[in-house]
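K.L.:
Got a predicted structure here, sequence first:
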Amino acid sequence: MRKRSGLSALLLVLMLVMAPLATAAEVGAPVAAGVSVTDSVGRTVTVPEPEHLKKVYVTSPVGFIFLYTLDFERLAGTPMKFNEQELKYLNPACADMPLLGGMQMGKQLNREAIIDAGTQLLISVGPGKPKDTDASQADELQEQLGIPVVVVDASMENIEGAYEFLGRLLGREERAARLAAYCRRVLDDVKKKISTVPEEKRVSVYYAEGPDGLSTEPASSSHATVLRIAGARNVADVKAVSGGGMSPVSLEQVLNWNPEVIIAWEDYRGGAHGKIKSDPDWASIRAVKDGRVYAMPNTPFSWIDRPPSVNRFLGIQWIASLLYPEAYNADFRAATREFYDLFYAVKLTDDQLDDLLKNAVSAPKR
């Protein structure tokens, strides 16, 4: 009995000694606190507080650009590959970022890789107002991944709300406010000045997509938002294709529309800019005869769409100054420098600027 009593006493002493050590370990361990937010589809989601949030990922290139401009260091990976031309204008770290997939154009997220990358938050950012299905899709992803998923309305009209929300999530409120203020200023300025152009003086434009230039976007397409805001009279009288867009048309239709201006994809992007300018089948179109066939800048991201993210706020300035130089009389070279510096942290050299605009304006001027 004495041996048993002695053993019990020893165990009691050991427990008393170890208890403070265990308590100290528990207190010292970093515990990620959570904060509740309401996303753009009304879902209440508990996310890590900014100081505990190390890695986030996005479901599409649209979201990648938003996060790139706001808080690049927190991106766990990329949903798209970058070529050498694009990397000239991007953070060098983009070359080695893991490709984690996306949900654009029928693609799939690499769920296992997203988790392995240490992602603590998944952000679904869209260029338009979220649909009812976005809420259920976010719930499903959240359950599958075991990490919070938030949906953000990144439509052009909600740009301030999108940046404000993302700024609070990431603790980058000051940076977010600066970017949002720029976008709102540009959007309001373009709309105000273009509103002074009478409807009968609006310039007719054909947006030539694809390698033959015979795919396009009607005014109702989300891919034509930049043209619409900049006051272009879109000639494409065709039905919009949901999702990826690119409504097919015939050359006969384009000839009949006879646009004053044609905006095409760059040749190196698989576009028809060079073909349209040189092909005799296009020669009778007014835009070709007048030398008003322009290539849409694409580096590092398209100025019109694909992906339709914050890059569109430079696009609306470009189109407005191209079509209505008297109403929107801006120093576009200076505007381009400002945008690249603020959003991409790139200070453009004169050579870089010339390269970006070489086919996008009538004649580059220094």
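P.N.:
The structure has been received and is ready for your questions.

K.L.:
can you pull out the strands in the stretch 1-150 of the chain?
P.N.:
Taking DSSP state E, counting those that start in this stretch as the criterion, the stretch 1-150 of the chain carries its strands at 34-38, 44-48, 56-58, 121-126, 149-153.

K.L.:
Quick check: next helix or strand after the last one?
P.N.:
Put plainly, it is strand 149-153. Using DSSP states H and E, the helix or strand that follows strand 149-153 in sequence is helix 159-170.

K.L.:
Using PDB, write out every CA atom in whichever helix or strand comes after that following helix.
P.N.:
Under the assignment DSSP H and E, the closest C-terminal helix or strand after helix 159-170 is helix 173-194. C-alpha atoms of helix 173-194 as PDB (Å, rounded to 0.1, in the frame of the first residue of the first chain):
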ATOM      1  CA  GLU A 173      -6.900  49.900 -47.100                       C
ATOM      2  CA  GLU A 174      -4.700  52.800 -48.100                       C
ATOM      3  CA  ARG A 175      -3.400  51.200 -51.300                       C
ATOM      4  CA  ALA A 176      -7.000  50.100 -52.200                       C
ATOM      5  CA  ALA A 177      -8.400  53.500 -51.700                       C
ATOM      6  CA  ARG A 178      -5.700  55.000 -54.000                       C
ATOM      7  CA  LEU A 179      -6.400  52.500 -56.800                       C
ATOM      8  CA  ALA A 180     -10.200  52.900 -56.400                       C
ATOM      9  CA  ALA A 181     -10.000  56.700 -56.500                       C
ATOM     10  CA  TYR A 182      -8.000  56.500 -59.700                       C
ATOM     11  CA  CYS A 183     -10.500  54.200 -61.400                       C
ATOM     12  CA  ARG A 184     -13.500  56.300 -60.300                       C
ATOM     13  CA  ARG A 185     -11.900  59.500 -61.400                       C
ATOM     14  CA  VAL A 186     -11.100  58.100 -64.900                       C
ATOM     15  CA  LEU A 187     -14.600  56.500 -65.300                       C
ATOM     16  CA  ASP A 188     -16.400  59.600 -64.300                       C
ATOM     17  CA  ASP A 189     -14.200  61.800 -66.500                       C
ATOM     18  CA  VAL A 190     -14.600  59.600 -69.600                       C
ATOM     19  CA  LYS A 191     -18.400  59.400 -69.200                       C
ATOM     20  CA  LYS A 192     -18.700  63.200 -68.600                       C
ATOM     21  CA  LYS A 193     -16.600  64.200 -71.600                       C
ATOM     22  CA  ILE A 194     -18.100  61.600 -74.000                       C
END
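
K.L.:
Quick one: mean pLDDT over helix 173-194.
P.N.:
Average pLDDT, helix 173-194: 97.

K.L.:
quick one: it to helix 159-170, angle?
P.N.:
Here helix 173-194 points in a direction 170 degrees away from that of helix 159-170 (axes from the mean of the first three to the mean of the last three C-alpha atoms, to 10 degrees).

K.L.:
where are the low-confidence patches of the stretch 251-366 of the chain?
P.N.:
363-366 (pLDDT under 70).

K.L.:
Mind doing that once more with 80?
P.N.:
362-366 (pLDDT under 80).

K.L.:
And the helices in it?
P.N.:
Here the stretch 251-366 of the chain has its helices, by DSSP state H, counting those that start in this stretch, at 251-257, 273-278, 286-289, 312-323, 332-344, 350-357.

K.L.:
Just the CA trace of the first one, in CSV.
P.N.:
Yep, that's helix 251-257 we're talking about. Provided in CSV are the C-alpha atoms of helix 251-257 (Å, rounded to 0.1, in the frame of the first residue of the first chain):
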residue,chain,number,x,y,z
LEU,A,251,-16.7,39.5,-94.3
GLU,A,252,-19.8,40.5,-96.2
GLN,A,253,-21.4,41.7,-93.0
VAL,A,254,-18.3,43.8,-92.1
LEU,A,255,-18.3,45.2,-95.6
ASN,A,256,-22.0,46.2,-95.2
TRP,A,257,-21.4,47.7,-91.8
